[in-house]
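> Predicted model and sequence follow; I will ask about them next.
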Amino acid sequence: MDEIEALKAYNNIYLEIMMRYKAYIEEKEVLYIADLPKLVTPSDESVIMLAREIQNSFPLYTYDENFPDAARYAYQYMKGRIADISLPIQIWLTPSQTIKYGAGDIFDKAVALCSVLIALGNVSSRIVAIVRDSERDFIVYSEFKDHIIGVNIEKGVKEYRDLDSLLKEMGVKASDETTVYEFNDKMYRDII
């Protein structure tokens, strides 16, 4: 058996074990919506190291001058170096795990991105979660000077006048059967 076949065998065994204990694992992975701020960890060592890598890509990083470009760099990192995965069980990955393994689902990437943006100096950075039926959409936004920098892992970076403009572009209407909430490491708030 060569190395690749052995790795496939291990992966299949791990998958078998996960599926056997799926209900138990998911029961222990329960996280209430109001507990989501616990996932955003800007002071985690892996997050800080990534933030430093981003800062070091500038000749002299200053928050006021370079944060918008640093946010774009962080987006490119999440888009290009973190593989999209969907596991057969629902588990919450920490930003450290997402960075370490270079993999996560769209939610894991948004949480890691928010953590990095806060570590880059923007304490206003938050994740907006939009839930329609079984569909979920996440955007990380940061208030910066007189506007908002919105980062959608799937669509890119865009600037907005305010949060209402961002939500409007995402198709959010108060009359919808939509749940919208935002959070970061310090707060959780229902928007709709």
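Thanks, I have the structure now.

> List the residues that contact Val180.
Listed by C-beta atoms under 8 Å, 6 or more residues apart in numbering, the contact set of Val180 reads 128-131, 167, 172, 190-192. Using the backbone N, CA and C atoms, a C-beta is placed for each residue, glycine as well.

> again, but for Ser46
Here Ser46 is in contact with 95-96, 99-100 (C-beta under 8 Å, 6+ apart).

> Can you say which of those residues are buried?
95-96, 99 (16 or more other C-beta atoms under 10 Å).

> re the thing from before, closest one of the contacts of Ser46 to Ile106?
Checking the contacts of Ser46 against Ile106 with C-beta to C-beta, the nearest one is Pro95 at 13.9 Å.

> ok, now how distant is that closest one from Asn12?
Per C-beta to C-beta, to the nearest Å, Pro95 is found 29 Å from Asn12.

> One more: Lys145?
Counting by C-beta to C-beta - Lys145 and Asn12 are separated by 52 Å.

> now swap in Ser124 and tell me
Ser124 is 45 Å from Asn12, by C-beta to C-beta.

> okay, these two: which has more neighbours?
Neighbour comparison, Ser124 and Asn12: the larger count goes to Ser124, with 13 against 10 (by other C-beta atoms under 10 Å).

> Kindly report the domain assignment for the protein.
As assigned by automatic domain parsing, the chain contains the domains 1-30, 32-190.

> pull the longest strand from this protein.
When the chain is parsed with DSSP state E, its longest strand is strand 135-144.
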